[in-house]
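Q: pasted the sequence and its predicted model underneath.
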Amino acid sequence: MARTLAAGAVVAAAALPAGAAPVDDYMAARDKAVEKGNKTDDPRWDEINTIGDEGSAAFRACFAREAQPFLAAAVKRAEALLATARGN
């Protein structure tokens, strides 16, 4: 869904879902425990990598869906303003 914003508009960050902080606390505690054990064959490393991969994929999908259409429109507007400023 493309969104049109007024010049100078501020876009608020999306709120994290309720309960996100405990997940972060769990992940931080798990990461610390894994690092303390310092075992490269610890199965929790797979969990850490999977969570990171899933988070990266979710971010990229969200960016493609939400930001790219907005950025494309912003680039077109900037190019039009530059052309006007240059007298083209």
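A: Perfect, thanks for sending it. Numbering: from 1, shown residues only.
Q: most centrally placed residue in this structure?
A: Centroid-nearest residue in the chain, with Cα atoms, centre = their mean: Phe59, separated by 4.2 Å.
Q: output the contacting helices and strands for the helix or strand it falls within.
A: Taking DSSP states H and E as the criterion, Phe59 maps to helix 44-62. Applying 3 or more Cβ pairs under 8 Å, 6 or more residues apart in numbering; DSSP states H and E, we find helix 44-62 packed against helix 20-37. (Glycine included, C-beta is placed from N, CA and C.)
Q: angle of the helix it packs on against helix 44-62?
A: Orientation check (axes from the mean of the first three to the mean of the last three Cα atoms, to 10 degrees): helix 20-37 against helix 44-62 gives 140 degrees.
Q: what does helix 20-37 contact?
A: The contact list for helix 20-37 (Cβ atoms under 8 Å, 6 or more residues apart in numbering) reads Asp42, Arg44, Trp45, Glu47, Ile48, Ile51.
Q: so which of those residues wins on neighbours?
A: Per-residue neighbour counts (other Cβ atoms under 10 Å) across those peak at Ile48, which has 16 neighbours.
Q: now the residue nearest to that one when sequence neighbours are not counted: how far from Gly37?
A: Nearest residue to Ile48, sequence neighbours excluded (Cβ to Cβ, 6 or more residues apart in numbering): Asp31, at 6.4 Å. Computed as Cβ to Cβ, to the nearest Å, the Asp31 to Gly37 distance reads 11 Å.
Q: and for Trp45?
A: 10 Å.
Q: any common contacting residues for these two?
A: Common neighbours of Trp45 and Gly37 (Cβ under 8 Å, 6+ apart) do not exist.
Q: circling back: measure how buried the residue nearest to Ile48 is and give me the count.
A: 15.
Q: related to what we said a few turns ago, what would the contacts of helix 20-37 look like in a markdown table with pLDDT?
A: Putting the contacts of helix 20-37 into a markdown table (pLDDT from 0 to 100) gives the following:
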| residue | pLDDT |
| --- | --- |
| Asp42 | 72 |
| Arg44 | 73 |
| Trp45 | 76 |
| Glu47 | 81 |
| Ile48 | 77 |
| Ile51 | 84 |
